[in-house]
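Student: Have a look; sequence and predicted model below, questions after that.
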Amino acid sequence: MRNLKASVVRDAAKVRGWDSILEDLCPEIDARAFSKVGRHVACPVHGKTGRKGDGFRFFRKDFHESGGGICNTCGAFPDGFALLQWLKGIDFADAVSLVGDRLDIRSTDDENVQERVNRQSLPKLQARREAAAAKQAEEDTMLRNRLNKMWAETIPLTYPDAEPARLYLASRKILIWDRSGLEGTVRFHRGLASHNEDGRFEGEYPAIVAKVSKAKMPITLHRHFLTARGEKAPVENPKKMCAYPSDRLVTGGAICTGQWDAQVVDLCEGLETAFAIETGMDLAVRVYPAVSATLLEAFEPGPSTKLVRIWIDKDRSGRGEEAVKVLRKRLWERNIQLQVFVPPLPIPEGAKGVDWNDVLLQLGRMGFPQWARRAVA
């Protein structure tokens with residue numbers, strides 16, 4: 001039956017648990033995504049792994065009840081129906097029907113029976129939610145303590161012990177690590193434990209640590225693991241975002257290395273890219289890294305912002321351009337203007353793309369725009 005009541009099927013899925021439903025319906029999704037909710041795995045659509053922002057994962061906070069997930073390239077899918085539409089290439093009614101069939105809801109009579117079951121299951125569902133909330137509160141306290149401790153152990157990039165960070169940035173021709181105000185957002189940790197997606201300990205390494213915030217509210221920390229000689233650490237993924245409490249939302253935030261509520265805001269994806277732009281522009285701008293294209297498209301400027309300038313990465317996938325389209329629509333609805341700066345380099349054969357750090361490395365300051373040119377509205 002195609003035209004099932006979505007509300008009945010959705011409530012039934014909450015009772016049964018979206019995890020078991022999607023695990024049965026979606027063999028395309030790596031089983032490790034189900035065994036550890038929140039783990040990045042290869043995207044079931046385009047196949048790339050979680051490195052360089054191309055990973056897929058289920059929402060850690062409410063996956064059991066929502067069935068939602070996200071790919072940092074393809075976008076976010078708030079519930080199991082949306083995820084099935086994306087993965088299977090079907091419409092909403094077919095997604096509802098697919099889940100209904102998995103739950104033995106195929107007719108009007110089945111719907112009526114299931115509605116009674118859903119009502120009878122409310123106390124059980126509520127008890128499960130309360131138990132989950134208590135567990136989440138305990139985990140949130142642990143996460144806050146861990147983040148506060150990590151940040152308290154950091155030092156400014158100008159301190160002698162932060163030499164690995166300076167060596168790494170110098171290898172990228174980045175020279176603004178000592179600029180005023182940076183020490184409040186980007187710092188250095190002498191030694192942090194690194195674990196891969198499976199939780200396996202990879203070693204302890206020094207790291208550049210950056211504070212991710214939204215509307216001046218700290219959310220979490222982003223780490224870039226290095227070696228003592230200023231090279232990328234030999235780990236599965238040298239750049240990692242820390243887990244954060246459930247009452248904080250990283251979407252819409254960024255690493256705000258300047259005044260948050262400014263009339264003009266410069267935005268890019270990565271921290272190195274931001275530093276490269278500031279170096280190439282002789283500190284004429286302060287650039288906020290949004291960490292990924294997905295977070296860039298969801299960026300929330302302050303109430304005083306009139307213009308957002310985006311320094312995008314040039315990707316073969318077109319993900320940067322797509323993020324700009326999404327952000328442009330939201331900003332225009334708020335009467336905020338948008339300008340886009342694109343790296344003036346071709347994408348090399350075999351490379352995924354180029355960014356503004358590549359411009360700095362290859363062209364130096366001459367590769368950066370004057371305000372009268374290279375701006376594309």
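Tutor: Yep, it's here.

Student: what is the mean pLDDT for the helix or strand that contains residue 135?
Tutor: For residue 135, the host element (DSSP states H and E) is helix 122-152. Helix 122-152 carries an average pLDDT of 92.

Student: buried ones in it?
Tutor: Judged by neighbour count using 16 or more other CB atoms under 10 Å, the buried positions of helix 122-152 are 128, 140, 143, 147, 150. (Each C-beta comes from the backbone N, C-alpha and C, glycine too.)

Student: And those residues, which is closest to residue 321?
Tutor: The closest of the buried residues of helix 122-152 to residue 321 turns out to be residue 147 (CB to CB; 33.4 Å).

Student: what's that closest one in contact with, if anything?
Tutor: 218, 220, 221, 242, 244 (CB atoms under 8 Å, 6 or more residues apart in numbering).

Student: Among these, which lie within helices?
Tutor: The helices, defined by DSSP state H, take in nothing from these.

Student: Run the chain-centre distance for stretch 122-134.
Tutor: The chain centroid and the centroid of stretch 122-134 are separated by 29 Å under CA atoms, centre = their mean, to the nearest Å.

Student: Then stretch 31-49?
Tutor: Relative to the chain's own centre, stretch 31-49 is displaced by 15 Å; criterion: CA atoms, centre = their mean.

Student: What are the contacting residues of it?
Tutor: 19, 22-23, 26, 28-30, 50, 54-60, 63-64, 69, 71, 73-74, 86-87, 197-199, 243, 317.

Student: List the contacts of residue 258.
Tutor: By CB under 8 Å, 6+ apart, the neighbours of residue 258 are 181, 286, 288.

Student: most neighbours, which of those?
Tutor: residue 288 (25 neighbours; other CB atoms under 10 Å).

Student: can you confirm it is in a strand?
Tutor: Yes. Under DSSP: H, G, I helix; E, B strand; the rest coil, residue 288 sits within a strand.

Student: So what sits opposite the residue nearest to it when sequence neighbours are not counted in the bridge?
Tutor: Nearest residue to residue 288 in three dimensions, chain neighbours excluded: residue 254, at 4.3 Å (CB to CB, 6 or more residues apart in numbering). Listed by DSSP bridges, the beta-bridge partners for residue 254 are residue 213.

Student: same deal with residue 354?
Tutor: residue 314.

Student: give me the number of residues near it?
Tutor: With other CB under 10 Å as criterion, residue 354 counts 21.

Student: need the contact list for it.
Tutor: By CB under 8 Å, 6+ apart, the contact set of residue 354 is 313, 314, 343, 345, 346, 347, 348.

Student: Over to the third one. Which of the three states is it?
Tutor: What that stands for is residue 343. Per three-state DSSP, residue 343 ends up coil.

Student: pretty sure it contacts residue 360?
Tutor: No. Using CB atoms under 8 Å, residue 343 is not in contact with residue 360; the gap is 9.9 Å.

Student: Pull up the overlap in contacts between these two.
Tutor: In contact with both residue 343 and residue 360: residue 367, using CB under 8 Å, 6+ apart.

Student: Quick one: the strands in the chain, in order.
Tutor: 56-58, 69-71, 75-77, 186-195, 201-214, 217-225, 239-241, 264-268, 287-289, 307-311, 314-315, 337-341, 353-354 (DSSP state E).

Student: Compare the mean pLDDT across the ones you listed and name the weakest.
Tutor: Per-stretch mean pLDDT for these is lowest at strand 75-77 (a mean of 87).

Student: Starting from that strand, tell me which strands it pairs with and how they run.
Tutor: Its sheet considered, strand 75-77 pairs with strand 69-71 (antiparallel) by DSSP bridges.

Student: got a list of contacts for the partner strand?
Tutor: For strand 69-71, using CB under 8 Å, 6+ apart, the contacting residues are 33, 43, 45-46, 54-59, 63, 76-77, 83, 294.

Student: which of the residues you listed are buried?
Tutor: Counted by 16+ other CB under 10 Å, the contacts of strand 69-71 give 33, 43, 54-59, 63, 76-77, 83, 294 as buried.

Student: out of the residues you listed, who's nearest residue 234?
Tutor: Using CB to CB, the buried ones among the contacts of strand 69-71 come closest to residue 234 at residue 55, 19.8 Å.

Student: Residue 22 versus that closest one, what's the distance?
Tutor: Going from residue 55 to residue 22 by CB to CB, to the nearest Å gives 17 Å.

Student: do the same with residue 182
Tutor: 43 Å.

Student: Looking at those two, which is more packed in?
Tutor: Comparing residue 182 with residue 22 by other CB under 10 Å, the one with more neighbours is residue 22, at 23 against 20.

Student: List the residues that contact that one.
Tutor: With CB under 8 Å, 6+ apart, residue 22 has these contacts: 29, 34, 67, 80, 83, 84.

Student: in terms of contact, does residue 368 touch residue 280 like I think?
Tutor: Yes. Using CB under 8 Å, residue 368 is in contact with residue 280, at 3.9 Å.

Student: Now do the shared contacts for these two.
Tutor: 356, 359, 360.

Student: quick one: which of those is most hemmed in?
Tutor: Going by other CB under 10 Å, residue 356 tops these with 32 neighbours.

Student: Relative to residue 70, how far out is the residue of the chain positioned farthest from its centre?
Tutor: Within the chain, the residue lying farthest from the chain centre (CA atoms, centre = their mean) is residue 109, at 43.0 Å. Noted for residue 109: a distance of 37 Å to residue 70, by CB to CB.

Student: Check whether residue 24 really touches residue 102, as I assumed.
Tutor: Yes. Applying CB under 8 Å, one finds residue 24 in contact with residue 102, separated by 6.2 Å.

Student: okay, those two: which has more neighbours?
Tutor: residue 102 (17 against 9).
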